[in-house]
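S.K.: pasting a predicted model and its sequence here:
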Amino acid sequence: MRRKAKRKAKAATALPPGLESINLNAAAIDIGSTEHYVAVPPGRSAEAVRTFGSYTAALHEMALWLKECAITTIALESTGSYWIAPYQILEANGFEVVLVNSRHVKNVPGRKTDVLDCQWLQKLHTHGLLSGSFRPEDKICVLRSYLRHRENLVRAAGAHIQHMQKALIEMNLSLHHVLSDITGLSALAIIRAILAGERDPWKLAALKDNRVKKSKEEIARSLEGDYRKEHLFALSQALELYEFYQTKIAQCDCEIEAQLHKFQARIDVGEHPLPEKSKKKTLKAQDNFELKNHLYAICGADLTQIDGMEVLSVQALLSEIGLDMTRWKSEKHFTSWLNLCPPSRISGGKPLSRQPRKGHNRAADILRLCAQSALKSKSAPLAPSAAA
């Protein structure tokens with residue numbers, strides 16, 4: 001029975017005869033949470049398959065062993081976040097690392113055990129049958145990490161804004177009815193005065209900014225509430241946490257600014273400044289540093305001139321796709337990578353489905369938001385079909 005099982009496993013991992021070996025110095029790694037299985041071509045080492053731990057020292061040992069086996073290119077399967085450390089260490093050691101989408105190889109035959117899995121990947125990579133996933137250059141990846149972390153901070157701060165609003169509603173303070181943003185200058189000044197002990201609605205209403213359209217009478221009526229101790233405590237903690245996250249967001253913005261300065265400028269802003277029309281299109285989030293000038297110099301063009309594209313959208317899109325658009329052969333390949341085009345599965349001359357394939361793409365989400373902004377804009381020109 002064991003011999004029969006071995007023959008079946010060997011037949012499952014066999015490739016059709018006549019395939020050309022393209023990558024003769026190819027290896028493959030089956031990524032795991034605690035250990036990684038590494039397969040090299042037969043004859044390169046006493047063991048064609050070795051197991052290494054997931055600790056950093058073990059990863060450097062793995063890179064040294066692959067160099068001794070004269071490996072130049074390595075395929076590894078993307079599994080959660082466990083592939084990031086091996087990828088970065090192997091890339092730093094001069095290997096060509098191909099990150100393989102697990103969806104492309106999960107249904108192929110020969111995946112009986114982890115050992116056979118890494119051997120099968122090594123065979124496929126040897127014959128050039130694996131395509132690598134898109135990964136931008138390292139400085140783009142650094143910028144992307146900062147921006148994704150900033151997004152998490154903004155999301156966490158937003159949760160505490162909801163906590164503040166809930167505490168105000170429980171005290172029957174309808175501040176959100178008279179002020180559109182409870183984190184604005186007027187609302188925060190009123191909330192801080194409430195937490196400091198002020199209860200006179202007219203004195204609280206006098207703290208509003210001159211630009212607020214609501215009258216003091218309306219604001220004063222909304223501030224006649226039931227100031228219970230437990231709700232004031234919840235409001236106080238929610239405000240402290242919101243301000244704490246604002247501090248962390250500001251620190252993250254400084255790191256993003258420093259990373260943007262590391263990019264090579266494609267255009268001299270001093271000699272070719274932004275057009276006057278472009279300067280009028282600004283955001284409050286840019287007050288800390290001249291983000292628009294940085295992006296204009298890095299990209300070599302003002303992408304905010306595109307309808308629907310704002311400065312933060314350009315920055316986020318840059319961190320996801322980078323500056324090298326030659327990574328895609330054409331705009332059709334780029335659209336396919338974004339998961340925005342229908343599949344080309346046809347049977348009997350008829351398409352099987354027109355729905356785009358499943359998959360989350362952050363760059364596509366950014367472009368969708370920009371398209372919605374352009375659609376709702378009164379100044380953006382509409383296409384003939386949309387105008388009709």
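M.R.: On my side now, so go ahead.

S.K.: how many neighbouring residues does A75 have?
M.R.: By the measure other Cβ atoms under 10 Å, the count of residues near A75 is 25. The C-beta positions use only the backbone N, C-alpha and C, and glycine is treated the same way.

S.K.: check whether it really touches V98, as I assumed.
M.R.: Yes - A75 is within contact range of V98, at 4.6 Å (criterion: Cβ atoms under 8 Å).

S.K.: anything in contact with each of those two?
M.R.: 125, 130, 132 (Cβ atoms under 8 Å, 6 or more residues apart in numbering).

S.K.: drop anything exposed from those residues.
M.R.: 125, 130 (16 or more other Cβ atoms under 10 Å).

S.K.: the shared contacts of A75 and V98 in helices, which ones?
M.R.: Among the shared contacts of A75 and V98, the members found in helices (DSSP state H) are H125.

S.K.: residue ranges with poor pLDDT in the protein?
M.R.: 1-19, 104-115, 276-289, 354, 356-357, 379-388 (pLDDT under 70).

S.K.: can you rerun that using 50?
M.R.: 1-2, 4-6, 8-13, 280, 282-289, 385-388 (pLDDT under 50).

S.K.: any idea how far K203 is from S222?
M.R.: Per Cβ to Cβ, to the nearest Å, K203 is found 14 Å from S222.

S.K.: more neighbours: those two, which one.
M.R.: When K203 and S222 are compared for neighbours, S222 comes out ahead with 22 against 13, by other Cβ under 10 Å.

S.K.: residues contacting the more buried one?
M.R.: 173-175, 177-178.

S.K.: nearest residue to it in space, please, no chain neighbours.
M.R.: S174 (4.2 Å; Cβ to Cβ, 6 or more residues apart in numbering).

S.K.: also L121?
M.R.: L121 sits nearest to A28 (Cβ to Cβ, 6+ apart), 3.6 Å away.

S.K.: thinking that neighbour is in contact with H125, fair?
M.R.: Yes - counting by Cβ under 8 Å, A28 does reach H125; the two are 5.5 Å apart.

S.K.: all strands in the chain, in order from the N-terminus.
M.R.: In the chain, the segments counted as strands under DSSP state E are 26-30, 35-39, 49-53, 73-77, 96-100, 346-347, 350-351.

S.K.: neighbours around the residue nearest to L121, how many?
M.R.: 28.

S.K.: so it versus L124, what's the distance?
M.R.: According to Cβ to Cβ, A28 stands 8 Å off from L124.

S.K.: give the intersection of the neighbour lists for those two.
M.R.: A75.

S.K.: hang on, the earlier thing: dump the contacts of S222 to a markdown table, plus neighbour count and distance to V40.
M.R.: What follows is these, written out as a markdown table (neighbours: other Cβ atoms under 10 Å; distance: Cβ to Cβ, whole Å):
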| residue | neighbour count | distance to V40 |
| --- | --- | --- |
| L173 | 25 | 68 |
| S174 | 17 | 69 |
| L175 | 22 | 66 |
| H177 | 12 | 68 |
| V178 | 21 | 70 |
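
S.K.: so which of those are in helices?
M.R.: Using DSSP H, the contacts of S222 in helices are 175, 177-178.

S.K.: now, among these, which is nearest to K358?
M.R.: Distance ranking of the ones in helices among the contacts of S222 against K358, using Cβ to Cβ, places H177 first at 41.4 Å.

S.K.: ok, and the closest non-adjacent residue to the closest one?
M.R.: The shortest distance from H177 to any non-neighbouring residue, by Cβ to Cβ, 6+ apart, is to S222 (5.9 Å).

S.K.: distance check, D209 against I191.
M.R.: 14 Å.

S.K.: also A234?
M.R.: Taking Cβ to Cβ, one finds A234 at 12 Å from I191.

S.K.: I321 now?
M.R.: Computed as Cβ to Cβ, the I321 to I191 distance reads 40 Å.

S.K.: how about K123?
M.R.: 64 Å.

S.K.: follow-up on the earlier one: what's the most buried one of the strands of the chain?
M.R.: The highest mean neighbour count among those, using mean count of other Cβ atoms under 10 Å, belongs to strand 26-30: a mean of 26.

S.K.: sheet partners, orientation included, of that one?
M.R.: Strand 26-30 has the following strand partners under DSSP bridges: strand 35-39 (antiparallel), strand 73-77 (parallel).

S.K.: now do the first one: distance to the chain's middle.
M.R.: On the basis of Cα atoms, centre = their mean, to the nearest Å, strand 35-39 sits 28 Å off its chain's mean C-alpha point.

S.K.: for the last one, same thing?
M.R.: Distance of strand 73-77 from its chain centroid, counting by Cα atoms, centre = their mean, is 23 Å.

S.K.: what about the helices in the stretch 1-150 of the chain?
M.R.: Assigned by DSSP state H, counting those that start in this stretch, the stretch 1-150 of the chain shows helices spanning 2-12, 56-68, 84-92, 102-105, 114-126, 138-170.

S.K.: ditto for the stretch 151-300 of the chain
M.R.: 175-178, 185-195, 201-205, 216-222, 229-260, 276-280, 291-299.

S.K.: deepest of the ones you listed, which one?
M.R.: helix 291-299 (a mean of 21).
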